[in-house]
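Participant: One predicted model, sequence on top.
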Amino acid sequence: MESSFGISDSHCLATVRGHVLRNGQKELRLLSLLECSGQFKLDILANPEAIVLSPVPQLSIPINSNFQIVREAEEALLIDFSINSTVRIRLRGEGTPDLLLELQDDIHTQSFLQHVTKAKQQAEKRSSLPRKMEPVVPVPVKDCVPVPPQRGTSKSTSNNTNNSALVKPSKTDSAFSMATDFGFEEKKNQQNRIVAQREAPPPPLPPLPPRKGTYTPSTNHAAGPTTKERPPSAQNSTPVRNEFQSVDRSSSWSDSRSNYTMRQAMMSSHTGSREGLLKYRLTKKEKEYVDIKNFRFFIGTWNVNGQSPDSSLGPWLCCDTDPPDVYALGFQELDLSTEAFFYMDSSKEQIWVDAVEKSLHPKARYKRIRIIRLVGMMLVVYVNKEHKHHIREVASESVGTGLMNKMGNKGGVAVRFVFHNTSFCFVNSHLAAHVDDYERRNQDYKDICARMSFNLLEYPPLSIVKHDVVIWLGDLNYRLFLPDAGEVKRLIDENELRRLQEYDQLNIQRKTKRAFTDFMEGEINFIPTYKYDAKSDRWDSSGKCRVPAWCDRILWRGSSVKQLHYRSHMVLKTSDHKPVSSLFSIGVKMVIEQRYKKVFEEIVRDMDRMENDFLPSLSLTRREFSFENVKFRQLQRQSFLITNDGQVPCTFAFIPKLNDSQYCKPWLRAEPSEGVLDPNETMEIFLEVYVSKDSVTLLNSGEDKIEDILVLHLDRGKDYFITVAGNYLPCCFGTSLETLCRMKKPIREIPVTKLIDLGEDSCMEKERSRMNFLLDSAGTEDKPLKIPKEVWLLVNHLYTKACQQEDLFQTPGLQDDLQNIIDCLDTSIPESIPGSNHSVAEALLIFLEALPEPVLCYELYQRCLECSHDSRLCKQLISQLPRAHRNVFRYLMAFLRELLKHSIDNNLNANLLGESDFLKCQQTANTQVRYRCISSCTSSPATLFASLLVRPPPNLACKQTSHDRQKASDFILGFLMGGDED
């Protein structure tokens, strides 16, 4: 195809006005889609007003297999404020530079994008050459920015997970051996991996927050990486203490506000839907009744390294003459104790809160509106008492991105609220450490964005970026791509800070659109804030001699935000980090009552007229969906379009069927599950199938199938029925130990009917084994395995290859590795397990967590707690377990005892005691001293495995206390200390 053709011979299919974004400036352009002799091109005119006089395009882009039109910055769906009226797209064509355009987000633009997409599809059909699918990679930076070292764990994928140019993300390579490489990409807690696109593999896409109805063409949403169930935030976070209403989280993966609020509002009361539509229209006309007023926001972040305050915080919090209107202060590593890590308790929280409140600006009085803590991350927000009545809809959330995405040593905490008529979200995060782990930091960031969701009464769930202003602070842990600490210190002494910042990992990740793509950061004029010797201004003089870095950062996104100061506070020497602060002047939308009343009355009159004249109606592009080869922890997505083909705005929601409490089964989810559409407006609905530990057992046993019917309800209209079907591939994860012991072959090689029979036989086997431990009477061929082959394969791999692996069971694995391990165990009996040692370790933990009944059976749970103080009673209890459970328990304990012999290498002793100290503890004659010493060495594995092996029955899970958890840990600890000689 020729690169251009005469405009006089062309037929104009669609046009739209927009702006080209260059160096922060906007330049008006006119985009025209032209067709000539079956060929298409996109013309961009520099002067739209002179098109009649001078119709010569500034640029012509042929639409062929090389043409791409991509929804910009859709990384983890982080763009798209609910009030945004513009959309950004990036154009790429053959022999033309990349263009970033901003268009109005309206029906005209949607129609234009649909025409372009259809033209591209027709051009591809004509092409005889197969289309090469390439990931969307940002244009390389042309200046002297160093290229980050490429890791062997993955290939780069596009951050744009919902691209409108039909670009598929590339698949990731298998991870190399991680025996000496601890900088692999962190797995996303797929539990919630809903899902930001990750880089290796991208986490399954996060759920689209309910939008206004704008349609963006998307890529193929077939099977993607997995999602994990969200861990309850209460597990590691502190209760919120303030006068504002607290907000509870939904725990079910498929739970939606539409199950209750929308169903009641829509089905039981026409008033509810009318109010929702009224709010929607008021939001669209907001500019007509609001004015902007500037307020001062003080943002601070400090990694305190587990220390207590030893001086006034005034030099940090009172460094300006005028008092701020709002304080948002984030702390990291507030408490490094075991109690803070595994339980909710922290003695240092109140100490630091008191120190903060004593040091707030003396020229104003402040009221604390919310505080939230997750292990060592704490975020506390104060507002000037003059403004407290203008703060509403306060909520807080936390996300852990540590091991299995449940451990809160890394992750983020956030507080959101509405001030006057502007919504704010403050995120305090502590991302993965180590110089080479920048990819895992990127994944942590995407995990937090994908899984952080605020549930407010009367509102659908809100993601981080569904706020007018987002400020992200914390120890982001991005380092410098310069390994020589001496060279870095020399450049600092010579005040070559800008040159150093060319090697800053965060700046590079932002430029290459791998993380924090749409965030801004002010100019850094202060020296690196990490790492110092405690209580001094000396750079790290330890044996590791850390390279100085700007780990502590503050970024923002949103309009009407002006940064006044960005600084560090060197006078405070408590920690190995220095505190950082930023002072912002932020324009806040204030409602003008008279104008608001006028707009309100106009909308009400218009709604009254339309309600009398019209009824709502929808059209659906699909009503039947088939998901093939559904697997455990592997997300599959498909989509369809709904269009309001009526003449009145319509409100829709998926509602539960009769006698159901949820609108769908646990493995299914519709996103968005509710929303509002204007006439002729189109919205894309995604159906996501994800089998978690909560649903895998019923699917494995055949009691459930990939079959469901969704009811899409239209307010004051009819219901639409959508059928979902598919086939599920059984998995050894989520299958009982008894059943697995009776399987001599991989589970995928066993027919489903045989699996059901094995499940029934295993129940009888379990009962027989209580009385006949050895089963000597059974024939050789029928005799079950002593332990499941899957357990043996995982443990044997770790025993032979990972006893000396640093931070074993403390560092997350890779998602690609985990999926490969699961598939390998389901389809074969491998000679070796694929993936890194950390991935195999996490696979073992996931296996134990997914068991339908834990290793220590539910019926013995209470007795376990009661006898945890007596080793003799503990051993008697183990002897009463069913055969498979008893053997697995003893096998795991023997393995863990072997690991603890190498604690000096694998860091499994909490106090990092040497091996000689551990052995000395075992030989100590004094029993009490011996117990205290060894318990400090082994508290981490005891606590971790106790939560998996000694689980309370489902009806008691919500009643489990910290004292019960300690007893369970003591139960396991007894076997780690003394062994099981039986």
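Facilitator: Yes, it's here. Residues are numbered from 1 along each chain as shown.

Participant: if I've got this straight, Ile524 is in a strand?
Facilitator: No - per DSSP: H, G, I helix; E, B strand; the rest coil, Ile524 lies outside any strand segment and is coil.

Participant: Correct me if wrong: it contacts Glu502.
Facilitator: No - in terms of CB atoms under 8 Å, Ile524 does not count as a neighbour of Glu502; the distance is 11.9 Å. C-beta here means a position set from N, CA and C on the backbone, and glycine is covered the same way.

Participant: May I ask which helix or strand encompasses the residue most central in space within the chain?
Facilitator: For the chain, the residue nearest the mean C-alpha position is Asp447 (2.3 Å; CA atoms, centre = their mean). Using DSSP states H and E, Asp447 maps to helix 438-451.

Participant: Ser311 now?
Facilitator: Using DSSP H and E, no helix or strand contains Ser311.

Participant: burial of it, as a residue count?
Facilitator: 12 (other CB atoms under 10 Å).

Participant: Could you do Ser585 as well?
Facilitator: With other CB under 10 Å as criterion, Ser585 counts 15.

Participant: Now for it: which residues touch it?
Facilitator: 294-297, 561-562, 564 (CB atoms under 8 Å, 6 or more residues apart in numbering).

Participant: The residue nearest to the centre of the chain contacts Val399, correct?
Facilitator: Yes - with contacts counted by CB under 8 Å, Asp447 reaches Val399, the gap being 6.6 Å.

Participant: before we move on, back to that, buried only: go through the contacts of Ser585 for me.
Facilitator: For the contacts of Ser585, a neighbour count by 16 or more other CB atoms under 10 Å gives the buried set as 295-297, 561.

Participant: can you list contacts of the host helix or strand of Tyr861?
Facilitator: Taking DSSP H and E as the definition, Tyr861 sits inside helix 861-866. Helix 861-866 is touched from outside by 856, 874, 877, 950-953, 956, 964, 967-968, 971, with contacts defined as CB under 8 Å, 6+ apart.

Participant: and the least confident of those?
Facilitator: In terms of pLDDT, the lowest of the contacts of helix 861-866 is Leu956, showing 84.

Participant: Now do the phi/psi pair for the residue nearest to Val950 when sequence neighbours are not counted.
Facilitator: Leaving out its chain neighbours, the residue that sits closest to Val950 by CB to CB, 6 or more residues apart in numbering is Ala968, at 4.0 Å. Per-residue torsions, Ala968: phi -60, psi -40 (degrees, to the nearest 10).

Participant: what separates Ala968 from Asp345, distance-wise?
Facilitator: 17 Å (CB to CB, to the nearest Å).

Participant: again with Phe632
Facilitator: 35 Å.

Participant: Leu33 too?
Facilitator: Counting by CB to CB, the gap from Leu33 to Asp345 is 62 Å.

Participant: of these two, who's got more company?
Facilitator: Using other CB under 10 Å, the more surrounded residue of Leu33 and Asp345 is Leu33, with 22 against 12.

Participant: what's near enough to touch that one?
Facilitator: Residues near Leu33 by CB under 8 Å, 6+ apart: 12-15, 40-42, 112, 115-116, 119.

Participant: and Ser947, that one's in a helix?
Facilitator: Yes - with three-state DSSP as the criterion, Ser947 is located in a helix.

Participant: That one and Ala968 touch, don't they?
Facilitator: Yes - at 7.3 Å, Ser947 counts as touching Ala968 under the criterion of CB under 8 Å.

Participant: Settle it for me: which of those two has more neighbours?
Facilitator: More crowded of Ser947 and Ala968, by other CB under 10 Å: Ala968, with 25 against 21.

Participant: Please spell out the segments of the stretch 151-300 of the chain that come in under the pLDDT threshold.
Facilitator: Filtered on pLDDT under 70, the stretch 151-300 of the chain yields the residue ranges 151-273.

Participant: Let's see that with 90 instead.
Facilitator: 151-281, 283-284, 286 (pLDDT under 90).

Participant: tell me the contacts of Leu564?
Facilitator: Neighbours of Leu564 in contact, by CB under 8 Å, 6+ apart: 296, 583-585.

Participant: repeat that with 10 Å
Facilitator: Applying CB atoms under 10 Å, 6 or more residues apart in numbering to Leu564 gives the contacts 296-298, 320, 522, 582-585.

Participant: Pull up the gap between it and Ile709, please.
Facilitator: Taking CB to CB, one finds Leu564 at 56 Å from Ile709.

Participant: what do you get for Ile972?
Facilitator: 45 Å.

Participant: more neighbours, the two?
Facilitator: Using other CB under 10 Å as the criterion, Ile972 and Ile709 rank with Ile972 on top: 28 against 12.

Participant: Look at that one and give its secondary structure.
Facilitator: Ile972 ends up helix, using three-state DSSP.

Participant: Pull up the gap between it and Arg965, please.
Facilitator: For Ile972 relative to Arg965 (CB to CB), the value is 11 Å.

Participant: How about Glu624?
Facilitator: 47 Å.

Participant: With Lys279 instead?
Facilitator: 43 Å.

Participant: just Leu900 next, same as before
Facilitator: Taking CB to CB, one finds Leu900 at 20 Å from Arg965.

Participant: what about the longest strand in this protein?
Facilitator: Scanning the chain for the longest strand, with DSSP state E as the assignment, gives strand 290-303.

Participant: That one: which residues count as buried?
Facilitator: Quick answer for strand 290-303 (16+ other CB under 10 Å): 290, 295-303.

Participant: just for the stretch 451-600 of the chain, where's the confidence low?
Facilitator: Ranges of the stretch 451-600 of the chain meeting pLDDT under 90: 455-461, 534-535, 542-545.

Participant: can you pull out the helices in it?
Facilitator: 485-493, 497-501, 505-511, 593-613 (DSSP state H, counting those that start in this stretch).

Participant: re the thing from before, between Lys279 and Arg965, which is the more surrounded one?
Facilitator: Arg965 (18 against 12).

Participant: Okay, and the more buried one sits in which element?
Facilitator: Judged by DSSP H and E, Arg965 forms part of helix 962-978.

Participant: Which strands and helices lie in contact with that helix?
Facilitator: helix 338-342, helix 861-866, helix 871-879, helix 883-900, helix 915-923, helix 927-949 (3 or more CB pairs under 10 Å, 6 or more residues apart in numbering; DSSP states H and E).

Participant: weakest of those helices by average pLDDT?
Facilitator: For these, where the average pLDDT is lowest is helix 915-923, sitting at a mean of 37.

Participant: which SS state does Thr735 fall under?
Facilitator: coil.

Participant: mind checking how far the closest residue to it other than its chain neighbours is from Arg633?
Facilitator: In space, and not counting its chain neighbours, Thr735 is closest to Asn700: 5.2 Å by CB to CB, 6+ apart. To Arg633, Asn700 is 13 Å away according to CB to CB.
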